[in-house]
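K.L.:
what's the 3D shape of this:
(4 chains)
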4 protein chains.
Amino acid sequence: MTTRPFRDCRRLAVESRQKMFDDLIQKKELPEEGWSEQLIEQFVVYLANMDTNNRIDLTPIGAGEREGRVVAPLVARLHMNMSHGIGRSGNLTECQPKAQGSSMMAQIANEFALQTIKLMGVRSCKGALIVPMATGMALSLCLSSWRRSRPEAKYVIFSRIDQKSCFKSILFAGYEPLIVDLIRDDHTDSLQTNIDGIRRVIRDRPEQILAVMTTTSCFAPRAPDDLVEVAKLCSEFGLFHLVNNAYGLQSPKCVEFLEEARQEGRIDAFVQSTDKNFLIPVGGAVIGTFKKSKAEAIAQFYPGRASAIPSRDFAITCLYLGKSGWHALLQQREKLFEVMKTKLRSFAETINEKVLDIPENLISLAMSLKTIPSEKQTLFGSILFSRGITGARVVPSTAAKKSIEGYEFVNFGSHTSEQHDGYLNIACGIGMTAAEVDELFTRLQDNYKRFLRKEALGNENQVANDAGTEK
Amino acid sequence: MTTRPFRDCRRLAVESRQKMFDDLIQKKELPEEGWSEQLIEQFVVYLANMDTNNRIDLTPIGAGEREGRVVAPLVARLHMNMSHGIGRSGNLTECQPKAQGSSMMAQIANEFALQTIKLMGVRSCKGALIVPMATGMALSLCLSSWRRSRPEAKYVIFSRIDQKSCFKSILFAGYEPLIVDLIRDDHTDSLQTNIDGIRRVIRDRPEQILAVMTTTSCFAPRAPDDLVEVAKLCSEFGLFHLVNNAYGLQSPKCVEFLEEARQEGRIDAFVQSTDKNFLIPVGGAVIGTFKKSKAEAIAQFYPGRASAIPSRDFAITCLYLGKSGWHALLQQREKLFEVMKTKLRSFAETINEKVLDIPENLISLAMSLKTIPSEKQTLFGSILFSRGITGARVVPSTAAKKSIEGYEFVNFGSHTSEQHDGYLNIACGIGMTAAEVDELFTRLQDNYKRFLRKEALGNENQVANDAGTEK
Amino acid sequence: MTTRPFRDCRRLAVESRQKMFDDLIQKKELPEEGWSEQLIEQFVVYLANMDTNNRIDLTPIGAGEREGRVVAPLVARLHMNMSHGIGRSGNLTECQPKAQGSSMMAQIANEFALQTIKLMGVRSCKGALIVPMATGMALSLCLSSWRRSRPEAKYVIFSRIDQKSCFKSILFAGYEPLIVDLIRDDHTDSLQTNIDGIRRVIRDRPEQILAVMTTTSCFAPRAPDDLVEVAKLCSEFGLFHLVNNAYGLQSPKCVEFLEEARQEGRIDAFVQSTDKNFLIPVGGAVIGTFKKSKAEAIAQFYPGRASAIPSRDFAITCLYLGKSGWHALLQQREKLFEVMKTKLRSFAETINEKVLDIPENLISLAMSLKTIPSEKQTLFGSILFSRGITGARVVPSTAAKKSIEGYEFVNFGSHTSEQHDGYLNIACGIGMTAAEVDELFTRLQDNYKRFLRKEALGNENQVANDAGTEK
Amino acid sequence: MTTRPFRDCRRLAVESRQKMFDDLIQKKELPEEGWSEQLIEQFVVYLANMDTNNRIDLTPIGAGEREGRVVAPLVARLHMNMSHGIGRSGNLTECQPKAQGSSMMAQIANEFALQTIKLMGVRSCKGALIVPMATGMALSLCLSSWRRSRPEAKYVIFSRIDQKSCFKSILFAGYEPLIVDLIRDDHTDSLQTNIDGIRRVIRDRPEQILAVMTTTSCFAPRAPDDLVEVAKLCSEFGLFHLVNNAYGLQSPKCVEFLEEARQEGRIDAFVQSTDKNFLIPVGGAVIGTFKKSKAEAIAQFYPGRASAIPSRDFAITCLYLGKSGWHALLQQREKLFEVMKTKLRSFAETINEKVLDIPENLISLAMSLKTIPSEKQTLFGSILFSRGITGARVVPSTAAKKSIEGYEFVNFGSHTSEQHDGYLNIACGIGMTAAEVDELFTRLQDNYKRFLRKEALGNENQVANDAGTEK
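P.N.:
Model (predicted):
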């Protein structure tokens, strides 16, 4: 081996990567095309090497109480030798001198989050913060961080959505929820925001109210809240407006509402789940804001360090997909949602049911279930689950009340106290494939038929065999 | 290959592992001796296979909005194909039907946490809950979960400790801190709990106080709080008592105080960091309680699902070490702390300084720094950091006030408003090695000498070269 | 968590995998569709667990000289804890009692090799043996194993192919090559087998000849050897016929010749490279035979144990692709070869060169290079390499002789002593993508133009800048 | 994050590693202390990045027939993206322009092999070549590469050792073995080289003999061959001397013999297994020579490319252990061998057997088995195997002949045709632990007792239950 070519090849191999990595560190730009897994892995190693515990020029001596020591090699590998987490005791986005690589990764992830949110349609977004807690806790964090601005406030207005986490997030933050029920739309089957109701509640005691919490993404027949009107109200009364946008980034409608509401009124933060929108494991959320300083204030309020995992996973996923990968996934989902809707309609027709008309909900669909007796509907749901269909929900009507931390809800799960005939929900989430949609309907038809047949024969026990329940 | 021996070997290989894994799943007992990395990995795979997204008998069809889809293969591998997190929207310890393997792992981790806390000396511990948030947030969770029991309460008494996370945790939960300054012990150099001060604050408005927050592990010259007396007070006035035991499990003294306080009075929860005590990456905390139901109530208050990572890392680490591994690490730390103390004393002697006498702080040591002018002390700290000594802190005295979310502290970092000559903190944390302690003193001596010499020559700029700051 | 559903899910998760794995072990059938990476990994672990060094029911005690101990954890991981290799001292396919999992993997890999060879078109193939050595050594193994059948033989007839490994394989086995030059076809540009020449050489001393070695896959303008006529000759004279089919399995023509030759005459073994046909790293070859016993006899002749890696990689790759994956890759290659040929022809036309007409070579193409002076052709080749085009070869004509282990070749690399104008070879190998073919021509055109322009200006030094050489 | 410190930390992290890696590449020196697994992994990645298929500055276009394409991601990972193997078609040590990283790794591995062989005691060693084939094939390679020097030669003298691979290696290379039986030493129990016998065989037809093959490491009661006298003979008659030193590097005696024989006579190559001496998986051997050119000549004779795995594993293991790690392992083995000998002697005494006296065999021990009837000895061996003791061998005497490729051996396995009472072999190989030795004797005693008891009762069937056989 002559020396010159080897040097050249070393130079090409080493320097081209360094340039790529340093560019990314400096510019923090989501690449147009995704990177190979191999290159991403090398980039994470590149960053991890900058944390003091991985220093090799000088053996690091840990003379403190928190030294990023990891004893199990498997754990170290699963963290790629990054162990310091992110943030400092005062601020989630502050750089840790001990862990400059981890800190840099968190910064990159936040920048990627901002760029991805914009790419997904919230073009006016200015601040994005990945927090290592799921949506509920992230909503709490927002509410709590606003406390000092409205010291008299004791309440948060809650436009009803029957999902425990967001409801409980209000309690966690130390506020009391004022629940405003939805109203049924006259022309469609939608359950919609009761704007007048909210206005009435505010008027009663505006100074005691911290914020209004709205929700975009939800199970049909609930429609996304009317963000525009709520934003106007919040603007009028000087209230915070917090949007639970759990999996709304993938819906063109939710995204459009966010943009419009920002123009017409006030949104202080909108929160989305990392697993539901960004295809990473459960554990994180992204808080988006329309002013950079608003995200910073929330980061600063956070008490202490935190796991680096959601930031790491988010950064890796963005590098893996690139802008083009995100676009492709979004387009595929929109297309498949239409396929799913069409297929559900024709299935409904064949069995004498109907697909509810909720024009603004572009993720979740609901089909009536009046052909299955009310008391058997839950069993039918369990069977679907045991047949490998996860996420499909059967919602029977019930007059019973459910209590959550002392607050009572009638017909919990239906987003309304109204009684109905029961329905089946299915959703088309990002990452779903055409093959899955096809197979979904094959199993749905098959199991519906068998269910009716067995019901007719009365041998329910057999039907129930090995069925579990999933909420 | 004849068939019989192959079958035998398959049987031995497959069945012996299944038996081992099923035993663990059923009994959830921390093994006496650690397992091999290979076996642990297989066990995690065994559990992951039970999550619906890894099902192979039937292709799983995801028809919901949250289907554990992971798009980047590197992320999937780093999570070992567990993507559903833990908990359900209502409860951190509830089993997810979609993710029975992940749920089981979380349960095992909680059982291991309980057993490990007991093994570390808190023998009366009855409940342990791993939460995927660092100490500060875990303290908030405890406080918030108690709100309904004392609806009138607005304050949490804070026995001063100059660490931002725990202070901010009170604000996050929606309470106001009432700071009680420490008092200097007459006989030693310890900063100790001002029991009379706390009593006075309580007496003023007992019904408005939710809890007293005490801290065990801390930087010298602060001593662990007097848990026993505070526990008695809480018992007397019916207040909650929350102990910030961040890295106290490794200190026999802190552990002893917990046990004693439980007998004499009241402790509702004590919170410890997973990274500082259990050698896993930053991101989790363990909440310990002396009644099982108390841990359950906290789990139930949590809003939503959460990351499975801290539970997974905790379980892996426990399997890797076994009981014997934990014992060995604890003993090694206690021994090394004595070595460190002796070495620091003899170093102090040679340079005309003294090691402060804080008999109850068995983790952190403080050496006076009067031979370095007050205004140069921070620089000396930076130099130590740049020489690879992380975690050593130089604390100069300052009359300036620091404001945290509107609350002012004089001499923040010293745990007291009193002025002093400045001091150096070093700590002996779990996992530290004898070689590290040796090298620590080599570098300390060397850099101290060079610092004084350069100082004498006046060329500070050179000294400052490439030094960063670490708090 | 209730107990029953957990048991069910454990049963589904564990038993469905075991069934799948045991079915594969028993039937050794290449699956129709590929498996997920995750499942394949679990299968390899399943097998590895059966090797004694991974036994957990009883600590294995190694009291011998060869115990599969691996000291570096990284090495252990890269071998997935399989360390015993394959075979026993007497036989490559024998089962090692110490390593039943590794042995099983080797058996499965051999079965997969047989099925894949058949799927690729050699339908009459009856035996396949993966050997952990590249093509050259595998050819040696075949020749050597036949020695006892023809004890008087000293020679192997070698239908000239200018590739060192196969030539040297004859010497390794202890035979002398008798080189028979090719002849130029009258109607096309092909270099073809000199059947008359071979017959003459045999006639001289039939009893002293062990075998004829032919080659199928080769660089144009050499055509695949005329296997059919050679097979007839070998049959007539009772000689062994060994086919160097290095990357011929992907060519429908080579495969057709093998089948036809088997029917009309004699082929004792045909050898193919694992990396060139099967997309695994360099290091193995597959020996195919038309009688099962012939493969077994070769396996039995092998002296000692051997690396399990090529077998492992082969098995993994087959499981990953399944039959459908292999079919898709083969079809894609055939299609792309036609695209490449068309593009090369139109490029040749624009620059006044021509694509040589070698109708039977369906992998490698040759384009004349008379527009580049003979002495600059090598430089042009280097430039292509430095521009990231690997594998393209420029073959200038030369009157010089090259000596290989004492045997002289005129114009080595051209497969013929005839002089020519120089040509460029490119090939379309399995796994090549449409994007690669496109980019190949973009770079080819671009660099050809720049080369001519710079040549015209005479600044060759600049041209040569950072060019390496690749053979 | 201010920019300067980040740059500094990047510089430290990146440059310190690069310097370390480039130093290693340039000097190829086995480090004194081992590296961390993490650092080794990064070094392999550093090299892999230099192979063209991993190039990122320019998309590599593969226009040849061998492009290092790997389709299964699991395979790519297990090879750390190195897929080109080592060597070129003419030479195992030649650098591949396409794969400069892989080539560099092979070079480093060869240098490490040389340094390790010297460290292990063969201080005059000058050449070392890692070949990706086990010991038997490596012996063939040596013999074959010498063919041209002695074109008349047809025979290789074989000082009997009952191990198939080395015997068959002679046949593979195309030579006939002339077997010279051992002789029993008068003073000890050793089976020793029959120097006079060898001399007689040579004298008959010196020009027809290529080489003498001797063996050092072997099962007792065979002693290492008398290398010194054979070396003298080879020198006297101008024959090659090939030493099968399979696992002899760990024996101070074998190493001493090699050095002495080199001084007094001739050794052309000595071959050792990588798995038996160097704790890596089966698949490679190291050929050592006392002249650098001798190793080079062998490398050059090799027909074609080859697997990079044994070189990679060897390099990784050396980096992991460093010189100090090798020294520690060697010392531990020597110490444990003495422990084993003492324990075996006292066990033998208690059961009326004796440990054979073979003073020069410092690895394998033999204990007589006259207390077990000849026809039950094999069963006893099987039982030991089924009780997890691998590698222990029971050698009964037999008058039967075993044929290996047409050559007949009486009492194969005993290294001699003499009849004896049967014996048990155990060995202390590198990497064995004190705990293993202890447990070995516990199980040995226990199973011996149970065997005798059951034998007395006559229920052999029960004894035989689940016992396999291992040779």
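
K.L.:
ok, and does the helix ranked longest in chain A reach over to chain C?
P.N.:
Of all the segments assigned as helix in chain A under DSSP state H, the longest by residue count is helix A:309-350. No. For helix A:309-350 and chain C, the contact criterion (Cβ under 8 Å from any Cβ of the partner chain) is not met; the two come no nearer than 14.3 Å. C-beta here means a position set from N, CA and C on the backbone, and glycine is covered the same way.

K.L.:
With adjacent residues omitted, what lies nearest to the residue of the stretch 201-350 of chain A found nearest chain C?
P.N.:
Here the stretch 201-350 of chain A gets closest to chain C at one residue, residue A:324, 14.3 Å apart by Cβ to the nearest Cβ. If you skip the residues right next to it in sequence, residue A:324 has residue A:33 as its closest partner in space, 5.6 Å away by Cβ to Cβ, 6 or more residues apart in numbering or on different chains.

K.L.:
Correct me if wrong: that neighbour contacts residue A:319.
P.N.:
No. Using Cβ atoms under 8 Å, residue A:33 is not in contact with residue A:319, being 10.2 Å away.

K.L.:
Settle it for me: which of those two has more neighbours?
P.N.:
When neighbours are counted by other Cβ atoms under 10 Å in any protein chain shown, residue A:319 comes out ahead of the other of residue A:33 and residue A:319, with 24 against 9.

K.L.:
and stretch A:137-153, how far apart are its ends?
P.N.:
One end of stretch A:137-153 to the other measures 20 Å (Cα to Cα, to the nearest Å).

K.L.:
who touches residue A:113 in this structure?
P.N.:
Counting by Cβ atoms under 8 Å, 6 or more residues apart in numbering or on different chains, residue A:113 makes contact with A:128-130, A:286, A:288, A:314.

K.L.:
Could I get those residues in a markdown table, plus columns for neighbour count, secondary structure and pLDDT?
P.N.:
Shown next, in a markdown table, are those (neighbours: other Cβ atoms under 10 Å in any protein chain shown; DSSP: H, G, I helix; E, B strand; the rest coil; pLDDT from 0 to 100):
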| residue | neighbour count | secondary structure | pLDDT |
| --- | --- | --- | --- |
| A:128 | 23 | strand | 98 |
| A:129 | 28 | strand | 97 |
| A:130 | 28 | strand | 97 |
| A:286 | 29 | strand | 98 |
| A:288 | 26 | strand | 98 |
| A:314 | 27 | helix | 98 |
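
K.L.:
Closest one to residue B:221 out of those residues, please.
P.N.:
The shortest approach to residue B:221 among the contacts of residue A:113 belongs to residue A:129, at 37.1 Å (Cβ to Cβ).

K.L.:
Dig out what that closest one forms beta bridges with.
P.N.:
residue A:287 (DSSP bridges).

K.L.:
still on that earlier bit, who does the helix or strand just after the longest helix of chain A touch, helix- and strand-wise?
P.N.:
If you walk from helix A:309-350 toward the C-terminus, the next helix or strand you reach (DSSP states H and E) is strand A:364-368. Applying 3 or more Cβ pairs under 8 Å, 6 or more residues apart in numbering or on different chains; DSSP states H and E, one finds that strand A:364-368 makes contact with helix A:309-350, strand A:423-427.

K.L.:
OK, contacts around residue A:177?
P.N.:
Residue A:177 sits next to A:155-158, A:167, A:170-171, A:407 when contact means Cβ under 8 Å, 6+ apart.

K.L.:
And the longest strand seen in chain A, how far out from the chain middle?
P.N.:
Identified as the longest strand of chain A according to DSSP state E is strand A:209-215. Taking Cα atoms, centre = their mean, to the nearest Å, one finds the center of strand A:209-215 at 18 Å from the center of the full chain.

K.L.:
Helix or strand next in line after that strand, which one?
P.N.:
Taking DSSP H and E, what comes next after strand A:209-215 is helix A:227-237.

K.L.:
after that following helix comes which helix or strand?
P.N.:
Read in the C-terminal direction, the helix or strand following helix A:227-237 is strand A:240-244, with elements assigned using DSSP H and E.

K.L.:
what sits up against that next one?
P.N.:
A:135, A:139, A:142-143, A:146, A:149-150, A:156, A:161, A:166, A:210-216, A:225, A:227, A:230-231, A:234, A:258, A:261, A:265-271.
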